[in-house]
Every structure is written in structure tokens, then in C-alpha cells.
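J.: Please find the sequence and the predicted model below.
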Amino acid sequence: MGGAVALACIALLAFIVLMVLLSAIKIIPEYERGVIFRLGRLMGARGPGLFLVVPIFERMIRVDTRVITMDVPVQEVITLDNVTIKVNAVLYFQVINPNWAVTKVMDYIRATMQIAQTTLRSVVGQGELDELLAKRELINQKLQQIIDEQTEPWGIKVTIVEVKDVELPQNMQRAMAKQAEAEREKRAKLIHAEGELQASKALAQAADIIAKEPVTLQLRYLQTLTEIAVEKNSTIIFPLPIDTIMPFIDAVSRGEPAESAAPERRSPPTQRLDH
């Protein structure tokens, strides 16, 4: 009877020792570190791999060193030009010093979130709406720099901060749409005016050439008549050059007969051909 009790005690003791040894064995993956405290004092970070932690005397806290993605909630901000907008952002950071992340801040994830929200409101509120929409890259760099400086004492490295969305009031959206439409109309009018200027220059050059060679005008009339005839129109209106009838007008104004004022060389009169 006594031997059986002794055997049971030995088995129980062996089981306890085995459990203690198993609890002392720690396996840390590559993306984590184990911060060790011995009797309350910081002993440093261990890992990755296999190591032992003395039960009762030592305690380990796991810290993830991978990049953490965090959505910054929507913040309502008043810009420098008194426009109320809603902005949100995304934040990427990671722990580079596990010892500081455990000992210098209670919850580094929550603390980083609060810093990001405060900085987002502050930075966006210091600029105008046009700067936020047109120079978003500069805003992102400024956010990343400020947040990284504030979280560096905690062993946190902020790698990227991006403003995701900017929500504008409905009246502001309509005003910006009208502004864009007016800008487009202004460009269209300038382009049209420039085209008119170039066309007038080309017409002036053509007029100079025609003035030097009057036959060119007659050839142009014939070309126009040919182009009209191709369309199979039933009615053709052919213009009569003003130079042809000017002698008749001058003769009538002087009271001379029209036959004596007729030029020797006449251009084709206006013709109306009905098919």
C-alpha cells in the first residue's frame, strides 16, 4: 500500500516537472519578438526561435514587428478658408524597438491611432481646400513626418500616411462644378478667337495674292461652280464679281450710256440654272 502511494506521488511530481518545463519552452516566429521581464525588471527582447523562460521568475510579452495597417476614422475639419470637409486616411507603421513599445506606452496601437487622428485634423486645418486637393502628396509627407516624430520615442516607425478621401459639402461641389464649367468656356472662347485670328491672317494673305493676279478670282469662281454642280443640285447660284459691274455703276452715276462703259473683258455673269 505504501509503495503504491509513493509511486503515485512520484508520478505526480514528474507530471508537475514536465508541465513546468513545457511552460518554460517558448517558440517565437520570425515576425515576433518576446520581451522578457525577470522579477519585474526588463531583460530585453528575445527571438525569433526557441528559448527558455524561467517560470514564476520571468514573464514574456509578445510584440508583433510586422507592418500594421490602420484606417484613421473620418474627421470633420474646417480648412483655413472656412470650408467644412470630412477626411479620412490610412496609416502604415511597425515596431522597430519592442522594448520601448512595451515599457514606454501602455497600448502603442491605440496611442498611434490617437496621434494620427489629432495630426490629421491639425494639418488639414492649416491649409486651404485647393491645396488639399491639388497638393495631396505634400500633405501626406507632412502627416508622415509629424506622426513619425511623435511615435519614435515609443519604438514605432511610421512608413506611409495617405489621405484616402475628401468629402465636400453639396453646395461646395456645385460651386466647384460651375467654376470648372466657366473655365472650360473661357478656354473654348480663347481657342475660337485664336482660330478666327489665324483664319483672318490666312484670308488677308489670300486677298493679297488675288489682288496681284485678278485671274485667280475667276478660277476660284469656276472651282466653286464645279463643287456645287457635283452635288446634283437643281438650282445653282453663281456670284457675279463686283469688278465686272463697277464700270456700269460708274457710267450710270456720270449719266453715260451703259454700252460705252462696258469693259472689253467681262467675267461670267450670275447664272441661275434650273434642272
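T.: That came through, no problem.
J.: Neighbours of the nearest residue to L91 once chain neighbours are set aside, how many?
T.: In this structure, L91 finds its nearest non-sequential neighbour in M70, 4.5 Å apart by CB to CB, 6 or more residues apart in numbering. In short, each C-beta sits where N, CA and C put it, glycine included. Neighbour count of M70, defined by other CB atoms under 10 Å: 14.
J.: Shouldn't M70 be within a strand?
T.: Yes. The assignment for M70 is a strand, going by DSSP: H, G, I helix; E, B strand; the rest coil.
J.: Quick check: it touching V90?
T.: Yes. In this structure, M70 is within contact of V90 by CB atoms under 8 Å, at 7.2 Å.
J.: Verify the stated contact: I146 with T119.
T.: Yes. Between I146 and T119 there is a contact at 5.0 Å, judged by CB under 8 Å.
J.: more neighbours, the two?
T.: T119 (22 against 19).
J.: before we move on, the earlier item: spit out the contact partners of the residue nearest to L91.
T.: Contact analysis of M70 by CB atoms under 8 Å, 6 or more residues apart in numbering lists V90, L91, Y92, F93, I109, T112, M113, A116.
J.: Identify the residue spatially nearest to the fifth one, adjacent ones excluded.
T.: The shortest distance from I109 to any residue that is not its chain neighbour, by CB to CB, 6+ apart, is 6.9 Å, and that residue is I68.
J.: Ok, the fourth one next?
T.: Taking CB to CB, 6+ apart as the measure, F93 lies nearest to V158, with 4.5 Å between them; neighbours along the chain are not counted.
J.: give me the low-pLDDT residue ranges for the stretch 51-200 of the chain?
T.: By pLDDT under 70, the low-scoring segments of the stretch 51-200 of the chain are 173.
J.: For it, just list every one of the helices.
T.: 98-103, 108-125, 129-134, 136-151, 170-212 (DSSP state H, counting those that start in this stretch).
J.: Nearest to K86, out of these?
T.: helix 108-125 (10.1 Å; CB to CB).
J.: The closest residue in space to V166 that isn't next to it in sequence: neighbouring residues, count only.
T.: With CB to CB, 6+ apart as the criterion, V166 has its nearest non-adjacent residue at 5.3 Å, and that residue is V87. The criterion is other CB under 10 Å. On that basis, V87 has 21 neighbouring residues.
J.: One more: the one 5 residues further on?
T.: Number of residues near Y92 (other CB under 10 Å) recorded here: 15.
J.: For it, list each beta-bridge partner.
T.: When assigned by DSSP bridges, Y92 has beta-bridge partners T69, I160.
J.: That one touches I156, doesn't it?
T.: No. Applying CB under 8 Å, one finds Y92 not in contact with I156, separated by 11.2 Å.
J.: Would you mind measuring from the residue nearest to V166 to D71?
T.: 12 Å (CB to CB, to the nearest Å).
J.: Same question for D250.
T.: 89 Å.
J.: Likewise for R220?
T.: In terms of CB to CB, R220 sits 71 Å off from D71.
J.: again, but for V5
T.: 62 Å.
J.: Quick check on the two: which one has the bigger neighbour count.
T.: Higher neighbour count among V5 and D71: D71, with 12 against 9, using other CB under 10 Å.
J.: contacting residues for that one?
T.: Contacts of D71 (CB under 8 Å, 6+ apart): N88, A89, V90, L91.
J.: How many residues are close by the residue nearest to F93?
T.: Neighbour tally, V158, other CB under 10 Å: 22.
J.: got the contact list for it?
T.: Per CB under 8 Å, 6+ apart, neighbours of V158: L91, Y92, F93, T112, Q144, I147, D148, T151.
J.: The same query, at a cut-off of 7 Å, please.
T.: Shown in contact with V158 (CB atoms under 7 Å, 6 or more residues apart in numbering): L91, F93, Q144, I147, D148, T151.
J.: got TSV for those residues, with neighbour count too?
T.: What follows is the contacts of V158, written out as TSV (neighbours: other CB atoms under 10 Å):
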residue	neighbour count
L91	24
F93	24
Q144	19
I147	24
D148	16
T151	20
